[in-house]
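J.: could you work out the structure for the sequence below:
(one chain, ligands or ions: 1)
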Amino acid sequence: MSYPFLKGHGTENDFVLLPDHDGTVHGDLDPARVRALCDRRAGIGGDGVLRVLRRDGGWFMDYRNSDGSLSEMCGNGIRVFGLHLVQEGLADPTQPLEVDTRDGIKVLTFDGDRITVDMGTPQVLGDSEVAVPGHTWTATHVDVGNPHAVAFVDDLAEAGPLLDAPTHDPGVYPGGVNVEFVVRRGPQHVAMRVHERGSGETRACGTGACAVMVAAAVADGAPRDTAYRVDQPGGSLSIIWTADDRVLMTGPAQIVARGTTDL
Ligand SMILES: N[C@@H](CCC[C@H](N)C(=O)O)C(=O)O
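T.: Presented below is the predicted three-dimensional model:
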């Protein structure tokens, strides 16, 4: 069976998009199909899959990690998802765009090639330990719809090759966790690496950048509405935690290919 796909990325966090507006093409979307699509040698390659579904008269982002697992939210993915709808004439970039996710509705706004997403209200839930071979850090649990453990480190290289998931407390993170390693670059400016639950180390993570910004702002005692720049191997995002307790993430998105696949 052939079906259409697109390939896109946000700060090099890359995705296979599957237009499936009425849900009839992919049904329950078998995890094995997600793994095959995301395979970087035998498939198209990606950190995850974004299935484009219509639901209740709006749009639903059905996000899957490259191992086939589900997540509540994907910050880079939702910018790519919104750009796809605009490029296909399915959304008006002069108007706010609502996209439903497993973490509820997110609102996107478009300004040239920059897309801002209202990511909602973060929760800062305390500290526990994360570790890689030879290093253990205290990490702050920040939930931005999906779970993150944010560890401030002396050097991003300390995290090592990140071939395996960092160890974490399964009592704190029963569904697994995305782990961010962060260094300071300057005032309101940090850099991070991430090991994503279900995808391994990626070039960027939008929800991770939001969690990092929140942890940094708490540590700094920063006033609300202060913008932080969060650098990642794949590019930078701008994040603001507003006075009304919402996190706004701004960054780019690109669609790089379209085609059909038999995978
Ligand atoms: N890369 C994404 C996050 C994808 C989901 C994550 N791996 C999880 O399992 O929670 C982003 O840009 O936010």
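
J.: in contact with the residue lying closest to Asn65 once chain neighbours are set aside, which residues?
T.: Take Asn65 and drop its neighbours on the chain: the residue closest to it by Cβ to Cβ, 6 or more residues apart in numbering is Gly198, 2.7 Å away. C-beta coordinates here come from the backbone N, C-alpha and C atoms, glycine included. Applying Cβ atoms under 8 Å, 6 or more residues apart in numbering to Gly198 gives the contacts Gly48, Asn65, Ser66, Asp67, Gly68, Ser69, Ser71, Gly176.

J.: which of these are buried?
T.: The neighbour count (16 or more other Cβ atoms under 10 Å) marks Gly48, Asn65, Ser66, Gly68, Ser71, Gly176 as buried among these.

J.: please narrow the residues you listed to those residing in strands.
T.: Gly48, Asn65 (DSSP state E).

J.: need the residues of the stretch 51-200 of the chain near the ligand, please.
T.: Asn65, Ser71, Cys74, Gly75, Asn76, Gly77, Asn146, Asn178, Glu196, Arg197, Gly198, Ser199 (Cβ under 6 Å from any ligand atom).

J.: wait, isn't the fourth one in contact with Met249?
T.: Yes - the criterion here is Cβ atoms under 8 Å, and Gly75 meets it with Met249 at 5.6 Å.

J.: shared neighbours, these two?
T.: Counting by Cβ under 8 Å, 6+ apart, the residues touching both Gly75 and Met249 are Val117, Met119, Gly206, Ala209, Cys210.

J.: how does the protein divide into domains?
T.: What automatic domain parsing lists as the domains of the chain is 3-119+252-261, 123-245.

J.: adding mean pLDDT as columns, could you present those in a markdown table?
T.: Conversion of the domains of the chain to a markdown table gives the following (pLDDT from 0 to 100):
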| stretch | mean pLDDT |
| --- | --- |
| domain 3-119+252-261 | 98 |
| domain 123-245 | 98 |
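
J.: ok, the closest residue to Arg258 other than its chain neighbours to the ligand distance?
T.: Once flanking residues are discounted, Arg258 sits nearest to Leu6: 4.9 Å by Cβ to Cβ, 6+ apart. For Leu6, the distance to the ligand equals 17 Å [Cβ to the nearest ligand atom, to the nearest Å].

J.: and Gly186, by the same measure?
T.: 24 Å.

J.: is that residue bridged to anything, and to what?
T.: Beta-bridge pairing for Gly186 (DSSP bridges): His189.

J.: burial count for it?
T.: By the measure other Cβ atoms under 10 Å, the count of residues near Gly186 is 8.

J.: quick one on the thing from earlier: return the entry from the residues of the stretch 51-200 of the chain next to the ligand with the maximum number of neighbours.
T.: Top of those by neighbour number is Asn76, holding 35 neighbours under the definition other Cβ under 10 Å.

J.: you'd agree that one is up against Thr11?
T.: Yes - Asn76 lies in contact with Thr11 (Cβ under 8 Å); the separation is 6.0 Å.

J.: now do the shared contacts for the two.
T.: Common neighbours of Asn76 and Thr11 (Cβ under 8 Å, 6+ apart) are Ala204, Gly206, Gly251.

J.: filter those down to just the ones in helices.
T.: Gly206 (DSSP state H).

J.: which among the shared contacts of Asn76 and Thr11 end up buried?
T.: For the shared contacts of Asn76 and Thr11, buried by 16+ other Cβ under 10 Å: Ala204, Gly206, Gly251.
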